[in-house]
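Colleague: Next come a sequence and a model predicted from it.
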Amino acid sequence: MTSTAGCVTLKNTVRDDGMTYRESLQLQSGHLPVRQGHLTDFPRDPLGCMRSLHSEFGDIAVLEDQGKRIAFVFSPEYNRQVLSDSRTFHSQFFAIRGGRQSAQRRVTSGLLSMNGAEHRENRRVMMDVFSRRILPDYHSVICDLTTDLMSDWVTGQQRDLNCEMVDFMVRMTSALLFGIDDAHDALELGSMIDRWVRQNHEVGIGALVSAPQFPDSYEKLLADAEKLESSVQELIAAHKRQPTAAHRSDVLSLMFRAQKTNQQLTDEKLVGHAALTFAAAHLTTAHTLSWTLFLLAQHPEVMNRLAQELAAGTTGRHPTFAELESLTYLDWVIRESMRVLPASSYSQRVCAEAARLGPLSLSAGTPVIFSQYMTHHRPDLFESPDEFQPERWSEISPSAYEYLPFGAGPRMCIGAPLAMVELRTALAVMLKQFHFQMVPNTVVDGQIISTMLGPTTSVNAHLLNVSQSPQTVPVAGTVHSLMQMPASARPTTYQRAA
């Protein structure tokens, strides 16, 4: 991306055919945007790799290693081409599917891994399960779980917001998706799925480049998939035995009801849907909550305006579902948090057939990476893109391919409405009882791991009474490389905890 005083230069202007003039010249000259390197550079440092490729080549680039390629797209135009054409660009969330009779194949057989007619049919069934009409049914559960989270919080205490939000969302996701009320069981299942998802991404790149450690990692992945499948099967069986299962509104109970009218929704497919839905849901929402609370603590003017809206627009400790729907500024805060620090920071498609993408000819099987983070930080789309400015949403209305925290196109995240209800409700309930003050000089590191951008250190904050306004304090860590923090947040010393 080349810009001068906020204006995009001619070489990055988009032509009628979707290709920029820069890319047209590359095609004509034969100097294509291809870098020879190591494919493992990408999973090792996804953001650094993408920034470097974008800086060198523009809106489309390829990383090539011994004839194997990963393509990258960084513009709304290319996002649209890749995400809207589900026939050419298939979803392959998991590179390692395992043998046809393996547990790995079965637990990866959910919506994220389906394509074509199979995906359309299963998405139609799941759309009913995630229908907006059932969202109010989740309101009281979210309120109660948020109140439980704060049951031992006391003003003046120091809390690790990262750890709190991850544990909280494991319990939330377990309750809303599976009807699990036991905190220990929820954390056990959540930890198992987390490990499995991370292994999938680590082993997947190893298979692509034939890394020497791949065989051992692959065997461990298959073994863990068997454990996960067994746990989910036990969960489903126990759920079906409950006398109230037919009247519950958790997602798994709704799947059981859908199963009665759709024979294609077998128990085997239920296992895949359940495992992948949990994997896609809880960490992304947990990271969004952690980042949002951190940003509010470091931007007092935003916190104060939000507190005024909550005081004027809600009643009681638990805002009603209708009240939450009317909180415009809260919605802006959430949108802006997901723009500047998107929990889902990149994803991929795979060419199902040979395809032309800008100046590139891609062979079947080539992965294509698109990045929410890179798109959300383009100065031609968002003024001062590295700054947290919720007020910008009073004036902007980006397209689905310019702002895509939940993806876009026919495969847009099916659980996005539920995730927004979770975020609005949990934040409102928390912020009506506590504000948060970051601990000065704490280290806040963030990193993209397994497609997700989350804190990799503690996010230490003191609990404040709601009558108190937080103050911006110096913090250290890589968060400063992810966004532009206020000047008073710049570190005065860098003291990493032992």
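Modeller: Perfect, thanks for sending it. All figures in this text were calculated on a predicted structure; none of them were measured in a lab.

Colleague: tell me the centre residue of the chain?
Modeller: In the chain, the centroid-proximal residue (CA atoms, centre = their mean) is residue 344; its distance is 2.6 Å.

Colleague: For the spatially closest residue to residue 404 that is not a sequence neighbour, the count of nearby residues, please.
Modeller: Take residue 404 and drop its neighbours on the chain: the residue closest to it by CB to CB, 6 or more residues apart in numbering is residue 372, 5.5 Å away. The way it works is simple: take the backbone N, C-alpha and C, and place the C-beta from them, glycine included. Residues near residue 372, counting by other CB atoms under 10 Å, number 24.

Colleague: what do you get for residue 423?
Modeller: 21.

Colleague: right, and it touches residue 285 too?
Modeller: Yes. If you go by CB atoms under 8 Å, residue 423 and residue 285 touch, sitting 6.6 Å apart.

Colleague: rewinding a little: mind checking how far the residue nearest to the centre of the chain is from residue 451?
Modeller: According to CB to CB, to the nearest Å, residue 344 and residue 451 sit 6 Å apart.

Colleague: Over to residue 235?
Modeller: Residue 235 sits 25 Å away from residue 451, taking CB to CB as the criterion.

Colleague: Enumerate the positions of the longest helix along the chain that are buried.
Modeller: Counting by DSSP state H, the longest helix found in the chain is helix 267-298. Applying a neighbour-count criterion of 16 or more other CB atoms under 10 Å, one finds 269-298 buried in helix 267-298.

Colleague: Equivalent analysis for stretch 99-110, please.
Modeller: The neighbour-count check on stretch 99-110 (16+ other CB under 10 Å) flags 102-110 as buried.

Colleague: In CSV: those, plus pLDDT, distance to residue 262 and secondary structure.
Modeller: Converted to CSV, the buried residues of stretch 99-110 look like this (pLDDT from 0 to 100; distance: CB to CB, whole Å; DSSP: H, G, I helix; E, B strand; the rest coil):
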residue, pLDDT, distance to residue 262, secondary structure
102, 91, 25, coil
103, 91, 24, helix
104, 90, 25, helix
105, 88, 21, helix
106, 88, 19, helix
107, 88, 20, helix
108, 85, 21, coil
109, 83, 16, coil
110, 82, 15, coil
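
Colleague: for stretch 170-187, how far is the first residue from the last?
Modeller: Counting by CA to CA, to the nearest Å, you get 6 Å between the two ends of stretch 170-187.

Colleague: Pull the residues that contact that stretch.
Modeller: Applying CB atoms under 8 Å, 6 or more residues apart in numbering, the contact partners of stretch 170-187 are 138, 141-142, 145, 148, 167, 189-191, 235, 239, 242, 248, 250-253, 274, 277-278, 281-282, 285-286, 418, 422, 426.

Colleague: and the nearest residue to residue 277 once chain neighbours are set aside, what are its phi and psi?
Modeller: Nearest non-adjacent residue to residue 277, counting by CB to CB, 6+ apart: residue 177, 5.9 Å away. Dihedral angles of residue 177 (phi, psi; degrees, to the nearest 10) stand at phi -90, psi -40.

Colleague: Tell me how many other residues crowd residue 177.
Modeller: 22.

Colleague: What's the separation between it and residue 415?
Modeller: Residue 177 is 9 Å from residue 415, by CB to CB.

Colleague: Now the common contact residues for those two.
Modeller: With contacts taken as CB under 8 Å, 6+ apart, residue 177 and residue 415 have 277, 281 as neighbours in common.

Colleague: before we move on, the earlier item: chain center to the longest helix of the chain, what's the gap?
Modeller: Its chain's C-alpha centre and that of helix 267-298 lie 7 Å apart, by CA atoms, centre = their mean, to the nearest Å.

Colleague: Report the mean confidence score over it.
Modeller: In this model, helix 267-298 has a mean pLDDT of 89.

Colleague: Distance to residue 56 added to the buried residues of stretch 99-110, as a markdown table?
Modeller: Below are these laid out as a markdown table (distance: CB to CB, whole Å):
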| residue | distance to residue 56 |
| --- | --- |
| 102 | 40 |
| 103 | 42 |
| 104 | 37 |
| 105 | 38 |
| 106 | 42 |
| 107 | 38 |
| 108 | 34 |
| 109 | 38 |
| 110 | 36 |
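
Colleague: What's the ChimeraX syntax to select whichever of the contacts of stretch 170-187 are buried?
Modeller: The buried subset of the contacts of stretch 170-187, as determined by 16+ other CB under 10 Å, is captured in ChimeraX by this line:
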select :138,141,142,145,167,189,190,235,239,248,250,251,252,253,274,277,278,281,282,285,286,418,422,426
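
Colleague: low-confidence ranges in the stretch 301-450 of the chain?
Modeller: For the stretch 301-450 of the chain, no stretch is flagged by pLDDT under 70.

Colleague: Please apply the same query to the stretch 151-300 of the chain.
Modeller: Short version for the stretch 151-300 of the chain, where the test is pLDDT under 70: 205-215, 243-247.

Colleague: Do a quick rundown of the strands in it.
Modeller: Ranges of strands within the stretch 151-300 of the chain are 158-160, based on DSSP state E, counting those that start in this stretch.

Colleague: where do the helices sit along it?
Modeller: Listed in chain order, the helices of the stretch 151-300 of the chain (DSSP state H, counting those that start in this stretch) span 161-173, 183-209, 214-241, 251-261, 267-298, 300-313.

Colleague: Which residues belonging to the first one are considered buried?
Modeller: Of all the residues in helix 161-173, those buried under the rule 16+ other CB under 10 Å are 161-162, 164-173.

Colleague: What of the fourth one?
Modeller: Buried positions in helix 251-261, judged by neighbour count with 16+ other CB under 10 Å: 251-256, 259.

Colleague: ok, these vs residue 306, which is closest?
Modeller: Lowest distance from residue 306 to those (CB to CB) belongs to residue 251, with 29.6 Å.
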